[in-house]
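A.B. asks: Fold the following.
(4 chains)
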Number of protein chains: 2
Amino acid sequence: MARAGITPERLTVAAADLADEVGFEAISLAALARGLGVKDASLYSHVAGLGDLRTRVTVLALAELADLLADAVAGLAGKDALKAFATTYRHYALAHPGRYTAMQQELDPATLAASAAPRHGELVRAVLRGYGLADPDETDAARLVLSTVYGFLGLETSGGFSHHPRDLGTSFERSLDALDHALRSWA
Amino acid sequence: MARAGITPERLTVAAADLADEVGFEAISLAALARGLGVKDASLYSHVAGLGDLRTRVTVLALAELADLLADAVAGLAGKDALKAFATTYRHYALAHPGRYTAMQQELDPATLAASAAPRHGELVRAVLRGYGLADPDETDAARLVLSTVYGFLGLETSGGFSHHPRDLGTSFERSLDALDHALRSWA
DNA sequence: CTCCATAAACTAGGGGTTCTAGGTTTTCAC
DNA sequence: GTGAAAACCTAGAACCCCTAGTTTATGGAG
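C.D. replies: This is a model prediction of the structure:
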């Protein structure tokens, strides 16, 4: 029988694409194998199991988003950097709902440390560099910024804001304005 | 055979408790039936299926938290109300991780509207009443506050902040201070 | 107190999933 | 070519959800 040319990387991308279509919780090795014209047991040559594949998807999503964020923020500072960071984050979350919910998956500390998650933190710190905060304050501010962006998109994608007609994009903009104001006068 | 005295409510509470122990994603009708000394098929007399049970757990969690928030905020205004709201939210999330992740479940619009989720929004609005914001601004500010609290706890519980030694409780406090400052000078 | 209707439990089984164990075939390096 | 490793297969165990039909306990009506 002809080989399907499966690699762990291609399998992970296929899983991520499937997650964007049907939801991260709904991905299964069986469905993936069907899509690739292969028996499900064959996938164990490339991946240690469903759990392994799921963590690979979240690691992939973290890395993809970190790359996009780094590009978006490069050369910017202050409010411009903050807005570029946040809108890039938002576009990714809305365009890739499965990958985004994958990013909310808990990872064990080792793979978390080896993933692009620390880069996210560093990027937020780079954005905050323009606001001139000393070290414990910078950590607190970075957590505030990441929490707000992450939380807004979590609520937006899960429908938590849907009961009010106010446009979500402008609410997001106003929240960033308020965040910028809070950062400039942190003390 | 003796009856087990199961009701939809007791079953939902048992599922929520199980979720707090093993994680919301890991709850199963089979495990629940074993715990109650009953065959899994018997649970279909009380609940329409696993999906139904899961939405019942999120509705329960939303209602529990809304009650706690209402008590905590009663009689307070301004920064005191904001801190009471946020710390109550945080205590609930940390004490009941399964229930909290249940709250991140997407609900269909009808059950969402019938749940306590709108009450959460109203409670945030009540907190903001002390800041004197006009209507489109109040909506934006409410979304900002809810996003920040919700996002911080999502990141905290999923380990997203664990790579830095800074105490999370004080980071949370500082974020609330910054939020209060942003609300007072909303512009 | 008996009887009956209803609700709560049961048994049996289909279909789905993950994952393991072991066998076969393809591919590639030598 | 040949041998070895990797990719794929079949077969099957162990779960899980859910349906269908059956039995049993409960509580109210007569």
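A.B. asks: residues in contact with whichever residue of chain A sits closest to chain B?
C.D. replies: For chain A, the residue closest to chain B is A:Gly151, as judged by C-beta to the nearest C-beta, at 2.2 Å. C-beta here means a position set from N, CA and C on the backbone, and glycine is covered the same way. Going by C-beta atoms under 8 Å, 6 or more residues apart in numbering or on different chains, A:Gly151 touches B:146-152, B:154.
A.B. asks: now, which of those residues sits nearest DNA strand D?
C.D. replies: B:Gly154 (24.8 Å; C-beta to the nearest atom of the strand).
A.B. asks: what about chain A, any weak spots by pLDDT?
C.D. replies: Scanning chain A for pLDDT under 70 picks out A:1-2.
A.B. asks: before we move on, back to that, and the next helix or strand past the one helix or strand the residue of chain A closest to chain B maps to?
C.D. replies: According to DSSP states H and E, A:Gly151 maps onto helix A:135-157. Per DSSP H and E, the first helix or strand lying C-terminal to helix A:135-157 is helix A:168-184.
A.B. asks: what residues does chain A put near DNA strand D?
C.D. replies: Within chain A, the positions near DNA strand D by C-beta under 7 Å from any atom of the strand are A:1, A:3-7, A:37-39, A:41-42, A:45-46.
A.B. asks: which residues are contacting the helix or strand hosting A:Leu112?
C.D. replies: Per DSSP H and E, A:Leu112 falls inside helix A:109-114. By C-beta under 8 Å, 6+ apart, the list of residues contacting helix A:109-114 from outside reads A:55, A:59, B:159, B:162-163.
A.B. asks: got the contact list for A:Ala31?
C.D. replies: A:18, A:22 are the contacts of A:Ala31 under C-beta under 8 Å, 6+ apart.
A.B. asks: what do you get if the cut-off is 6 Å, keeping everything else the same?
C.D. replies: A:Ala31 sits next to no residue when contact means C-beta atoms under 6 Å, 6 or more residues apart in numbering or on different chains.
A.B. asks: separation between it and DNA strand C?
C.D. replies: A:Ala31 sits 5 Å away from DNA strand C, going by C-beta to the nearest atom of the strand, to the nearest Å.
A.B. asks: Okay, and that residue sits in which element?
C.D. replies: Assigned by DSSP H and E, A:Ala31 falls within helix A:29-36.
A.B. asks: Tell me which helix or strand comes right after that helix.
C.D. replies: Downstream of helix A:29-36, the first helix or strand assigned by DSSP H and E is helix A:50-73.
A.B. asks: can you tell me if that next one touches DNA strand C.
C.D. replies: Yes: against DNA strand C, helix A:50-73 shows contacts by C-beta under 7 Å from any atom of the strand at A:50-51.
A.B. asks: Take that helix, keep the C-alpha atoms, and write them as PDB.
C.D. replies: In PDB, the C-alpha atoms belonging to helix A:50-73 read as follows (Å, rounded to 0.1, in the frame of the first residue of the first chain):
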ATOM      1  CA  LEU A  50      -4.400  11.900  21.300                       C
ATOM      2  CA  GLY A  51      -3.000  13.800  24.300                       C
ATOM      3  CA  ASP A  52       0.400  14.200  22.600                       C
ATOM      4  CA  LEU A  53      -1.300  15.500  19.400                       C
ATOM      5  CA  ARG A  54      -3.400  18.000  21.400                       C
ATOM      6  CA  THR A  55      -0.300  19.400  23.100                       C
ATOM      7  CA  ARG A  56       1.400  19.600  19.700                       C
ATOM      8  CA  VAL A  57      -1.500  21.700  18.400                       C
ATOM      9  CA  THR A  58      -1.300  24.100  21.300                       C
ATOM     10  CA  VAL A  59       2.500  24.400  21.000                       C
ATOM     11  CA  LEU A  60       2.000  25.100  17.200                       C
ATOM     12  CA  ALA A  61      -0.600  27.700  17.900                       C
ATOM     13  CA  LEU A  62       1.600  29.400  20.500                       C
ATOM     14  CA  ALA A  63       4.500  29.500  18.100                       C
ATOM     15  CA  GLU A  64       2.500  30.800  15.200                       C
ATOM     16  CA  LEU A  65       1.000  33.600  17.200                       C
ATOM     17  CA  ALA A  66       4.300  34.500  18.700                       C
ATOM     18  CA  ASP A  67       5.800  34.900  15.200                       C
ATOM     19  CA  LEU A  68       2.900  37.100  14.100                       C
ATOM     20  CA  LEU A  69       3.100  39.200  17.300                       C
ATOM     21  CA  ALA A  70       6.900  39.700  16.900                       C
ATOM     22  CA  ASP A  71       6.400  40.900  13.300                       C
ATOM     23  CA  ALA A  72       3.600  43.200  14.300                       C
ATOM     24  CA  VAL A  73       5.400  44.800  17.200                       C
END
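A.B. asks: Much appreciated, bye for now.
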